[in-house]
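>>> Provided below are the primary sequence and the corresponding predicted coordinates.
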Amino acid sequence: MTATTVPTHQPVEGPPFAGGFVSPDHPTRERVLTDLRAVLGGSGVVAEPAALVAYENDGYMARAKPLAVCLPSTTDQVVSIVRIARQYGLPVTPRGAGTGLSGGATPIHGGLVIGTARMNRVRSIDAPNRRAVVEPGVVNADLGRAVEPLGLFFAPDPSSQAASTIGGNVAENAGGPHCLAYGVTANHILGVEAVLIDGTVIRTGELSTNVNAPDAPGYDLPGILTGSEGTLAFITAVTVRLMTRPEAVRTILALFDSLDAAGSATSAVVGAGIIPAALEFVDGVTIGALRGGGFTEYPEGVEALLLVEVEGLTEASAAEAAAIEAILEASGAKEVRVAASAAERQQLWRGRKGALGALGRLAPNYYIQDGVVPRTRLVEVLGKVQALARRENLLIANVFHAGDGNLHPNILFDARTPGLTARVIAAGEEILRACIDAGGTLSGEHGVGIEKAAYLDWVMTPADRTAQRAIKRTFDDGGWLNPGKP
Ligand SMILES: Cc1cc2nc3c(=O)[nH]c(=O)nc-3n(C[C@H](O)[C@H](O)[C@H](O)COP(=O)(O)OP(=O)(O)OC[C@H]3O[C@@H](n4cnc5c(N)ncnc54)[C@H](O)[C@@H]3O)c2cc1C
C-alpha cells in the first residue's frame with residue numbers, strides 16, 4: 001500500500017477504486033509503466049522511489065506516494081494518460097509546481113500524478129485584444145516577463161509567482177497583493193481547454209469561440225473550472241486576460257509600534273473609500289526573520305509595517321498617495337516613507353515576496369492559515385491570534401493581504417517535538433474558527449484541499465454541499481480525479 005501520512009483530524013474520503021490501488025509490488029504495475037512509457041518515452045515517466053519523494057506533498061504537511069508521475073508535453077498525451085489510468089482503475093492527481101498550501105496536489109489515494117512541467121509554452125500573445133493563450137505549466141512570473149515588453153501584465157501575482165504555475169493559479173483561484181484592486185485569478189481567465197476524466201477534450205469560453213465575447217453562450221465553464229482544485233478536469237491551456245501597465249506607481253511603507261495600530265490603519269484606509277492596488281501587512285516576527293537573512297530594508301524595532309501601493313494616472317495616484325500618507329500618520333504610524341524610484345519600490349516588495357521563505361530561518365516547519373475576516377474585524381481577530389500564541393506558547397508570524405481581510409497567521413514549529421504537530425493543527429483550527437465567528441470564511445486563496453475538508457460544513461449548508469457534489473458528479477461521477485479533496 002501507499003505510505004500515506006495525513007494529520008489524523010482530516011477525513012480522507014474517496015471512492016473505493018474499482019481496480020484498487022496498484023501497489024509497487026502488484027503484477028500490473030509494470031504493465032502500467034510500460035503503457036505510460038509508450039506514450040511519454042522513458043523520461044516522461046517518473047517511477048523511481050527516490051524520485052517520487054519530490055511529488056509526495058506540496059506546502060501542506062500530508063504526504064503520500066503516487067505509483068508514478070507522468071510528464072506530458074501535449075494535450076493528446078494527457079488524453080492518453082487519463083485513458084490508461086481509467087483502464088487500470090487508477091486515480092489521477094494534477095500537479096503544477098507543488099507550491100500549494102492545502103494539500104491539493106498530494107496524491108492521497110496514490111495512482112498517477114500528472115505534472116505540467118513540460119507543458120510550459122506561451123502559445124500566443126494577442127496584444128491588441130490584451131489576451132494570451134498559455135499552457136498550464138507556464139510559471140506566473142515567466143508570463144509576466146513575456147508580456148512586459150508589450151506594456152502588458154497578468155494581474156494575479158501570488159507571492160509564489162516566481163515558481164507557481166498558471167494551471168495551479170487557475171485551479172486554486174489564486175490571489176496576490178495586487179488582487180485587491182484587480183480581482184483574483186477568476187477575473188482574468190477568459191477560456192480554458194481541459195481534458196475530462198474519460199479523455200474528452202473540452203474548450204470553454206474564448207478557447208471555444210476565439211472571440212472576445214462579454215457573455216459567451218452557455219454556462220460559465222471557465223468560472224466552474226477556476227478554483228476547482230484539480231477535481232473536475234485537467235487544464236491543458238488557458239486564455240488569460242492581460243492588463244495595460246499603469247502610467248504611475250507609488251509605494252508607501254508605514255511603520256507601527258503595535259499590530260493593533262497597523263490593523264486600525266488598514267481599516268482607516270479602506271474606510272476612507274480608497275482601494276489601493278495593494279495593502280500588505282508584515283509583523284515584527286517576520287521582519288526579524290527577513291533581517292536575519294540579510295534583508296535590512298525593513299527596519300528593526302517595529303511591531304508591524306504596512307506596504308501600500310497605488311497605481312494609475314500620474315496626478316490621480318499622487319493625490320491618492322498623499323491622502324493615504326495622511327491617514328497612516330493619523331492612525332499612529334511612527335514613520336511613513338515613500339519609495340523614490342522603481343528600484344526602491346522593487347526593493348520594498350522583495351521583502352514581502354520573500355517573507356514566507358525567510359520564516360524558514362526561525363523553525364523547520366510551518367503551518368500557514370488562510371482565513372478571511374471583514375476588514376473592520378482585523379484588529380479583533382489579530383488580537384485573538386496573539387492571545388492564542390501566548391496561551392499555547394507558539395511562535396506565530398503574520399504576513400498577509402490586509403486590504404482584502406485575508407489573514408495568514410503562520411505557526412512556526414518543529415514537527416520532531418512529540419505531540420507538537422497535533423497542538424499546531426488544533427491552534428490552526430481555533431484561528432479559522434475565530435475568523436468564521438467574526439463573520440469571515442475559511443479560505444481566501446489557498447483552497448480547501450485536504451487541509452480544510454473537515455471544516456466545510458462550518459460555511460456551507462447541506463443544500464450547498466449537495467449542489468457542489470452535483471457539479472463534481474457531472475464531471476467525474478466515479479471520483480477518479482484528485483480524490484479525497486472536496
Ligand atoms: C511562499 C508561498 C507564497 C504563496 N503566496 C500565495 C499568494 O500570495 N496567493 C495565493 O493564492 N497562493 C499563494 N501560495 C499558494 C500557492 O502558490 C498557490 O495556490 C498556487 O496557485 C499553486 O500553484 P502550483 O503551480 O504550485 O500548483 P500545485 O500546488 O502543484 O497545485 C495546486 C492545485 O492545482 C491543481 N492543479 C495544478 N495544475 C493543474 C492543472 N493543469 N489542471 C487541473 N488542476 C491543476 C492541483 O491538483 C492542486 O489541487 C503561496 C505558496 C507559497 C509556498
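Arrived safely.
>>> which residues of the stretch 201-350 of the chain fall in strands?
Assignment of strands within the stretch 201-350 of the chain using DSSP state E, counting those that start in this stretch yields the ranges 201-205, 234-241, 243-244, 248-256, 278-283, 304-312, 335-338.
>>> please name whichever of those is nearest to Pro222.
Nearest to Pro222, of all the strands of the stretch 201-350 of the chain, is strand 201-205, at 4.0 Å by Cβ to Cβ. Placement of C-beta: from N, CA and C, glycine included.
>>> contacting residues around that closest one?
75, 79, 189-196, 213, 216, 220-222, 225, 233, 236, 239 (Cβ atoms under 8 Å, 6 or more residues apart in numbering).
>>> average model confidence for it?
Confidence for strand 201-205, expressed as mean pLDDT, is 94.
>>> tabulate the CA atom coordinates of it in PDB.
Provided in PDB are the C-alpha atoms of strand 201-205 (Å, rounded to 0.1, in the frame of the first residue of the first chain):
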ATOM      1  CA  VAL A 201     -11.200  17.400 -24.600                       C
ATOM      2  CA  ILE A 202     -13.400  20.500 -23.900                       C
ATOM      3  CA  ARG A 203     -12.700  24.100 -24.900                       C
ATOM      4  CA  THR A 204     -14.600  26.700 -22.900                       C
ATOM      5  CA  GLY A 205     -15.100  30.400 -23.100                       C
END
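>>> with adjacent residues omitted, what lies nearest to the residue of the stretch 301-450 of the chain found nearest the ligand?
With distances taken as Cβ to the nearest ligand atom, the stretch 301-450 of the chain approaches the ligand most closely at Glu445, which sits 3.1 Å away. Among residues not flanking Glu445 along the chain, Gly175 sits closest, at 3.6 Å (Cβ to Cβ, 6 or more residues apart in numbering).
>>> in three-state terms, label that neighbour for me.
When states are read from DSSP: H, G, I helix; E, B strand; the rest coil, the local structure at Gly175 comes out as coil.
>>> phi, psi for it please.
For Gly175, the backbone dihedrals (degrees, to the nearest 10) come out as phi -110, psi -170.
>>> gap between it and Gln468?
The gap separating Gly175 from Gln468 is 21 Å, by Cβ to Cβ, to the nearest Å.
>>> surely Leu225 is in contact with Ala194?
Yes - between Leu225 and Ala194 there is a contact at 6.1 Å, judged by Cβ atoms under 8 Å.
>>> identify the contacts common to those two.
Thr204, Leu232, Ala233, Ile235.
>>> ok, the second one to Val192 distance?
To tie it back to what came earlier, the one meant is Leu232. Distance from Leu232 to Val192, by Cβ to Cβ: 10 Å.
>>> more crowded one of those two?
Neighbour tally, Leu232 and Val192, criterion other Cβ atoms under 10 Å: the higher count belongs to Val192, 28 against 22.
>>> so what strands line up beside the host helix or strand of that one?
Secondary structure here is read from DSSP states H and E; on that basis Val192 sits in strand 189-195. For strand 189-195, the paired strands and their directions (DSSP bridges) read strand 201-205 (antiparallel), strand 234-241 (antiparallel).
>>> and it, anywhere near the ligand?
No - contact of strand 189-195 with the ligand (Cβ under 6 Å from any ligand atom) is absent, the minimum separation being 7.0 Å.
>>> the contacts of strand 201-205, buried ones only, as a PyMOL selection?
Selection of buried members from these for PyMOL, criterion 16 or more other Cβ atoms under 10 Å:
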select buried, resi 75+79+189+190+191+192+193+194+195+196+216+221+222+225+233+236+239
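>>> C-alpha coordinates for the helix or strand bottoming out on mean pLDDT in the chain, CSV please?
Of the helices and strands making up the chain, the lowest-confidence element is helix 206-209, at a mean of 80, by mean pLDDT, DSSP states H and E. Taking Å, rounded to 0.1, in the frame of the first residue of the first chain, the C-alpha atoms of helix 206-209 are listed here in CSV:
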residue,chain,number,x,y,z
GLU,A,206,-12.8,32.2,-25.6
LEU,A,207,-11.0,28.9,-26.3
SER,A,208,-14.2,27.7,-28.0
THR,A,209,-15.1,30.9,-29.8
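>>> that one: how far from the chain's middle?
Here helix 206-209 is found 26 Å from its chain centre; the criterion is Cα atoms, centre = their mean, to the nearest Å.
>>> which other helices and strands does that helix contact?
Helix 206-209 is packed against strand 189-195, strand 234-241, with contacts defined by 3 or more Cβ pairs under 8 Å, 6 or more residues apart in numbering; DSSP states H and E.
>>> now mean pLDDT too, for these, in a markdown table please.
Formatted as a markdown table, the helices and strands packed on helix 206-209 follow (pLDDT from 0 to 100):
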| stretch | mean pLDDT |
| --- | --- |
| strand 189-195 | 96 |
| strand 234-241 | 97 |
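>>> mind putting these into TSV with distance to Ala181?
What follows is the helices and strands packed on helix 206-209, written out as TSV (distance: least, Cβ to Cβ, whole Å):
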stretch	distance to Ala181
strand 189-195	18
strand 234-241	14
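>>> and Asn212, what pLDDT?
Model confidence at Asn212, expressed as pLDDT, equals 70.
>>> next up, the contacts around it.
Applying Cβ under 8 Å, 6+ apart, we find Asn212 in contact with Asn129, Arg131, Leu190, Glu206.
>>> OK, contacts around the last one?
With contacts defined as Cβ under 8 Å, 6+ apart, the neighbours of Glu206 are Arg131, Leu190, Gly191, Asn212, Ala213, Ala216, Thr239.
>>> close to the ligand: what parts of this protein are there?
Counting by Cβ under 6 Å from any ligand atom, the residues of the chain close to the ligand are 58-59, 93-101, 104-105, 116, 136, 158-160, 164-165, 167-169, 171-172, 174-176, 229-230, 234-235, 356, 445-446, 482.
>>> in strands only, show me those.
Secondary structure defined by DSSP state E assigns Thr93, Pro94, Arg95, Phe234, Ile235 of the residues of the chain next to the ligand to strands.
>>> Phe475 against Gln468, yeah?
No - assessed by Cβ under 8 Å, Phe475 is found out of contact with Gln468, at 11.7 Å.
>>> the more surrounded of the two?
Between Phe475 and Gln468, counting by other Cβ under 10 Å, Phe475 is the more crowded of the two (19 against 13).
>>> quick one, phi/psi of that one?
Dihedral angles phi and psi of Phe475 (degrees, to the nearest 10) take the values phi -90, psi -30.
>>> for it, what are its contacts?
Taking Cβ under 8 Å, 6+ apart, we find Phe475 in contact with Leu196, Ile197, Thr231, Leu232, Ala233, Leu481.
>>> what's the most distant pair in the residues you listed?
Taking Cβ to Cβ as the measure, these reach their widest spread between Leu196 and Thr231, a distance of 12.0 Å.
>>> what do these two both touch?
Here Leu196 and Thr231 have Phe475, Asp476 as joint contacts, going by Cβ under 8 Å, 6+ apart.
>>> now do the helices in the stretch 301-450 of the chain.
With DSSP state H, counting those that start in this stretch, the ranges of helices along the stretch 301-450 of the chain come out as 314-330, 342-353, 355-359, 378-392, 420-437.
>>> would TSV of those with mean pLDDT and mean neighbour count be doable?
Compiled in TSV, the helices of the stretch 301-450 of the chain are given as follows (pLDDT from 0 to 100; neighbours: other Cβ atoms under 10 Å):
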stretch	mean pLDDT	mean neighbour count
helix 314-330	94	16
helix 342-353	91	16
helix 355-359	91	21
helix 378-392	95	17
helix 420-437	95	19
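>>> please name whichever of the ones you listed is nearest to Asp457.
For the helices of the stretch 301-450 of the chain, the distance to Asp457 is smallest for helix 420-437, at 11.0 Å, taking Cβ to Cβ.
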